[in-house]
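Participant: Starting from these lines, generate the structure:
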Amino acid sequence: MFKVIIFDLDGTLIETQHICNEAIRLAFMECGHVITDEEILSIAGIHPSDFIPKLLESREHKASEVDELTTSFKKFFHELWDSWVTLRGDVKSLCQKLTEKGFKLGLVTTSSKSTVDKFIGKFELEDVFNIIVTSNDVTETKPHPEPYLLAIEKFAYPKEEILVVEDSRPGLLSAKSAGLKVAIIPSKYTSHQDFSSMDYSLKTLDDVLNLVN
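Facilitator: Residues are numbered from 1 along each chain as shown. Model prediction:
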């Protein structure tokens, strides 16, 4: 029986992949590169520190361009975030219902603490999550298990009592490598990914309530 539910943020609670896609397109353009639709499709769920060097591998570039692109990407991402970010469902109501049923809630994301703070403030979710793990808290990001291993340590609940809700393969691999059960809610940006190792397949966030009831 699950007692803890840990949510991924980007793509699961909020739709931000379109922001990421546009930010990386603009960043590459600013540095004189063109990024293809196929390449954009490949970055869903991956941290910029991992996908930016990978995207540059097939291009002639200066060593300094990784840092330049990272800075440019962050600039465009944060410029677009406030006006482009949307929820994938009634997150506040879902979290309230889960809390009322006695569940502890967590958030494990590759986003920075500053982005998480903006998310919580914009959508009035203060004091909703019992623990939060961001990219600032770990050395390795998803698909490495470190983020979820830290969450397990913070919660101090048995692994079998923890359910993870994710939307991408990197998140799935991270949570499964940490020994956790995972429910996947694919987005239009991740529906092509391999989710064969997931434990549960859901269509919407509301399905989380049905799963844990």
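Participant: Give the other helices and strands that the longest helix anywhere in the chain contacts.
Facilitator: Longest helix of the chain, by residue count under DSSP state H: helix 65-84. Where contact means 3 or more C-beta pairs under 8 Å, 6 or more residues apart in numbering; DSSP states H and E, helix 65-84 is packed against helix 17-30, helix 48-56, helix 113-122. In short, each C-beta sits where N, CA and C put it, glycine included.
Participant: how about 7 Å then?
Facilitator: Counting contacts by 3 or more C-beta pairs under 7 Å, 6 or more residues apart in numbering; DSSP states H and E, helix 65-84 is packed against helix 17-30, helix 48-56.
Participant: what's the following helix or strand after the longest one?
Facilitator: Put plainly, it is helix 17-30. Using DSSP states H and E, the next helix or strand after helix 17-30 towards the C-terminus is helix 37-41.
Participant: ok, and for that next one, which residues are buried?
Facilitator: Using 16 or more other C-beta atoms under 10 Å as the test for burial, helix 37-41 gives Glu39, Ile40.
Participant: just to revisit the earlier point, which positions in the longest helix of the chain come out as buried?
Facilitator: Glu65, Leu69, Ser72, Phe73, Phe76, Phe77, Leu80, Trp81.
Participant: Nearest to Glu22 among those?
Facilitator: Ranked by distance to Glu22 (C-beta to C-beta), the buried residues of helix 65-84 are led by Leu80 at 6.2 Å.
Participant: Give me the contact list for stretch 69-78.
Facilitator: Taking contacts as C-beta atoms under 7 Å, 6 or more residues apart in numbering, the residues outside stretch 69-78 that touch it are Ile19, Cys20, Ala23, Ile24, Leu26, Ala27, Phe28, Glu30, Cys31, Pro48, Ile52.
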